[in-house]
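Engineer: Just need the structure, nothing else, for what follows:
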Amino acid sequence: MTLSLEWIDEREGGAGEREEKWMDLLEKLLLIAGEKEEVEDGIVTLTLTDDEGIRELNRQYRGLDKPTDVLSFSLIEGEEPDIQYNDEYEASEEGDEEWKDEEKAANPFSDLLGDIVISVPRAEAQAEDYGHSFERELGFLFVHGFLHLIGYDHGDEEQEREMFAKQEEVLKEAGLTR
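Structural biologist: Got it, this is the predicted structure:
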């Protein structure tokens with residue numbers, strides 16, 4: 001297994017040619033960040049949405065009734081996630097054979113690192129506000145979300161400095177400078 005990115009576009013009209021280019025960039029960022037953080041395996045799911053979509057998630061999961069730029073939902077940190085699955089995952093795709101990997105047999109979602117949700121309109125507005133490219137802002141939000149998935153936070157000044165320095169290092173390596 002390797003580090004991989006799956007994505008969903010929930011915006012009206014969905015993904016197009018422009019978004020395909022974004023995915024190449026985000027996959028590159030994922031690999032750079034994963035290498036720097038020694039995360040070699042796992043699946044990250046990215047959902048592109050609009051302000052109303054992220055507002056609903058922010059309200060539901062954080063109790064904040066306002067849109068935000070990025071949300072992360074880690075499946076590897078803290079307590080075990082409350083994921084329900086049924087018996088169909090107890091066997092491999094071949095049918096009656098038992099899983100060869102006992103950990104996956106107990107939890108078929110073990111490869112999932114988590115979900116990142118980005119509001120595309122918010123990213124576009126922030127890129128304009130900060131005077132840099134949309135690609136840099138999208139990359140910044142994605143790397144920020146990834147670092148949250150693997151346990152980083154910015155609850156105090158020291159944590160914020162560390163996390164933002166890591167983000168900038170990844171963005172710089174990918175050529176996404178201000």
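Engineer: So residue 130 sits against residue 124, correct?
Structural biologist: No: counting by C-beta atoms under 8 Å, residue 130 stays clear of residue 124, with 11.3 Å between them. From N, CA and C alone the C-beta is placed, and that goes for glycine too.
Engineer: show me where this protein has helices.
Structural biologist: 17-36, 51-62, 102-106, 120-130, 134-149, 157-173 (DSSP state H).
Engineer: Just say which of the ones you listed is most tucked in.
Structural biologist: helix 134-149 (a mean of 23; mean count of other C-beta atoms under 10 Å).
Engineer: What is the distance between that one and the centre of its chain?
Structural biologist: 8 Å (C-alpha atoms, centre = their mean, to the nearest Å).
Engineer: What average pLDDT does it get?
Structural biologist: Averaging pLDDT along helix 134-149 gives 96.
Engineer: How many residues are close by residue 11?
Structural biologist: 16 (other C-beta atoms under 10 Å).
Engineer: overlap in contacts of residue 130 and residue 124?
Structural biologist: Residues touching both residue 130 and residue 124 comprise residue 137, with contact defined as C-beta atoms under 8 Å, 6 or more residues apart in numbering.
Engineer: what number of residues lie near residue 63?
Structural biologist: 7.
Engineer: C-alpha coordinates for stretch 156-165, CSV please?
Structural biologist: What follows is stretch 156-165 as a C-alpha-only set of coordinates in CSV (Å, rounded to 0.1, in the frame of the first residue of the first chain):
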residue,chain,number,x,y,z
ASP,A,156,-1.3,27.5,21.2
GLU,A,157,1.4,29.7,19.7
GLU,A,158,4.2,27.1,19.8
GLN,A,159,2.0,24.4,18.1
GLU,A,160,0.9,27.0,15.5
ARG,A,161,4.5,28.0,14.7
GLU,A,162,5.5,24.3,14.3
MET,A,163,2.5,23.4,12.2
PHE,A,164,2.7,26.4,9.9
ALA,A,165,6.5,25.9,9.5
